[in-house]
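**Q** What follows is a predicted protein model with its sequence.
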Amino acid sequence: MKPQLNLSRQMSGTKSVRLTSNVLRSIGIVNDIVCFALSYLIARALYAAFVGYYYDAQLQATSTIILAVNFFLIRISRDAYSGYRGLGDDMGSGTLLDFMVALVLTALIIVRFDKLSEFSQGMSLMFVPICLTMLFISRIAFRGAARAMAVSGMIGQRVIVYGADRGTTTKVLDLLEIENLPHVKVIGFADDRVERVDKNAIGSTPYMGELDDVVALAHGGGLDQIIIALPLVSQDRLDTIVEKLSAGAIDICIIPREFLVLRSRYRINYIGSLPVLNVWQLPVKDLQGITKEVQDRVLAAIGLVVLSPLLLLTAIAIKLESKGPILFRQIRFGFNNQPISVLKFRSMYVDRQDESGGERTRRDDPRVTRIGRIIRRLSIDELPQLINVLRGEMSIVGPRPHATEMRVVGAFYHDAVRGYAARHRMKPGITGLAQVRGLRGEIDTMERAMKRVEYDIYYIENWSPLLDLRIIVETMFKLLWDRYAY
């Protein structure tokens, strides 16, 4: 008898007391109902003990019910309870905002029915903080309880991965490990192509056999879900696999090809009711875009005013040392890969400048003037780009704009580094995440070039106003001891 069939018999006895993790969603809703009810009772008892003034108990109870209904309608409308999976990553997401919106809606209803004068403000001032506290504390307790239930086996799913090959299966197992879901128990992997499959275990995950063995395991109550990961499978073969597996009382899931072969960062979105995979998307848009634009323009204007004495002294020093214009203009790649004219203080002799950017600046470069070495070392030469920010061509923080003919290891940057063009989905910045992570200045190896692009992409996909402010602060400290600036 095969090992996996023994496993099915051993586990079948516990089937009646196990629940899938989806039950956590319902428990989460019940949890919040209890929070509202208990909060009202506690607030009522405290009010009676410490205040004691008369209030309309029926009106207060009705308003609490209306508040709870508003809260649940808001949460359910945006599927906020779908995050109840035992980890707690999204279980408290938006709770405070949802509660406050529900509170405003309830207040408007009270005002609309002209009941405000009969409403006890003291009772409300007790109820609101108590309810918010209970909502958050209960979530912490819920996370612990959900994880404990998952670890004990009371809830969860026993999963088998059906992969196209060892590499694909390994990637799926790695993705599941990264998710760190306590309710998902991967008990093995399977493949019906016996003559081609490597039957050795992948780490601690054993080979469970062919599809018939998987179906037998499901019949014995030892399997809840199978994940099919076949990036290049034909429709006929997929239909055959699903038809065989449908004989068992299990969930059958398919990981789309794009999840496995395109990239690990993706989002599921909807166009109407049609599900689509967002593998790339505009990183900063709508209110976020307005926030970043306002932040950039305000900081640039303040910077120009505050730094005006330094800018004036630098301009005078450049003019006194060598002939030529104070500012240097260079065409570089901007937002959406469009060329922009980037401003800098001139740091080189006029007859030795390279407007194309094809020749890198090296340590002790003879083209650089004495004043140029100082302003380049302290990044003062970049300050005129505040004007680019005010013109809307650049941001304070973003991927640095590269010269159109910039090269790395003899090849154009955009040809040498895969995924390079993706960094142009956001306006270029005066400083950036790559620069404060030690990738400022000359990029003389492919490893540094790739790492710089990785940091740029990470910044684009994780942008926030706080991240911008953090990078600005780090930039100020980096200016004093960056060994790559020359």
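**A** Here it is on my side, so go on.
**Q** Output the below-cut-off pLDDT ranges for the stretch 101-250 of the chain.
**A** Within the stretch 101-250 of the chain, the segments meeting pLDDT under 70 span 178-180, 192-198.
**Q** go again using 90 as the cut-off
**A** Within the stretch 101-250 of the chain, the segments meeting pLDDT under 90 span 112-125, 136-158, 162-186, 190-205, 207-225, 228-250.
**Q** How about the stretch 301-450 of the chain?
**A** Looking at the stretch 301-450 of the chain by pLDDT under 90, you get 322-324, 333, 336-337, 347, 349-368, 372-373, 376-379, 402-425, 433-450.
**Q** Could you rerun that using 70?
**A** Checking the stretch 301-450 of the chain against pLDDT under 70 turns up 356-359, 409-410, 414, 441-444.
**Q** Was I right to think A416 contacts A449?
**A** Yes: with contact defined as CB atoms under 8 Å, A416 reaches A449; the gap is 6.4 Å. Every C-beta, even on glycine, is put in place using the N, C-alpha and C of the backbone.
**Q** separation between S26 and A150?
**A** From S26 across to A150, the span is 16 Å (CB to CB, to the nearest Å).
**Q** which of these two has more neighbours?
**A** Ranked by neighbour count (other CB atoms under 10 Å), S26 and A150 place A150 first, with 22 against 12.
**Q** Point me to the helix or strand that includes the more buried one.
**A** helix 121-152 (DSSP states H and E).
**Q** Toward the C-terminus, what is the element adjacent to that helix?
**A** strand 157-163.
**Q** The helix or strand following that next one packs against which elements?
**A** Next helix or strand after strand 157-163 toward the C-terminus (DSSP H and E): helix 166-179. The helices and strands touching helix 166-179, judged by 3 or more CB pairs under 8 Å, 6 or more residues apart in numbering; DSSP states H and E, are strand 157-163, strand 184-190, strand 225-229, helix 257-261.
**Q** what sits against the closest residue to F127 other than its chain neighbours?
**A** In space, not counting the residues next to it along the chain, F127 is nearest to A43; the distance is 3.9 Å by CB to CB, 6 or more residues apart in numbering. Counting by CB atoms under 8 Å, 6 or more residues apart in numbering, A43 touches 123, 126-127, 130-131.
**Q** who has more neighbours, A416 and A449?
**A** Each of A416 and A449 has its neighbours counted (other CB under 10 Å); A449 has more, 21 against 17.
**Q** Against F345, how distant is that one?
**A** For A449 relative to F345 (CB to CB), the value is 26 Å.
**Q** cool, R363 as well?
**A** Taking CB to CB, one finds R363 at 20 Å from F345.
**Q** same check, this time on I430
**A** As judged by CB to CB, I430 and F345 stand 13 Å apart.
**Q** do the same with E177
**A** From E177 to F345 the distance is 50 Å (CB to CB).
**Q** Ok, L125 next?
**A** In terms of CB to CB, L125 sits 58 Å off from F345.
**Q** what does S63 give?
**A** 64 Å.
**Q** Run the chain-centre distance for stretch 94-113.
**A** Put simply, stretch 94-113 sits 29 Å off its chain's centre (CA atoms, centre = their mean, to the nearest Å).
**Q** Stretch 159-179 too?
**A** The answer for stretch 159-179 is 22 Å, by CA atoms, centre = their mean.
**Q** what comes up buried for it?
**A** 159-165, 168-173, 176 (16 or more other CB atoms under 10 Å).
**Q** do stretch 215-232 as well
**A** Neighbour-count burial for stretch 215-232 flags 215-231 (criterion: 16+ other CB under 10 Å).
**Q** do the same with stretch 286-300
**A** 292, 295-297, 299-300.
**Q** show me what contacts Y81?
**A** 25, 28-29, 75.
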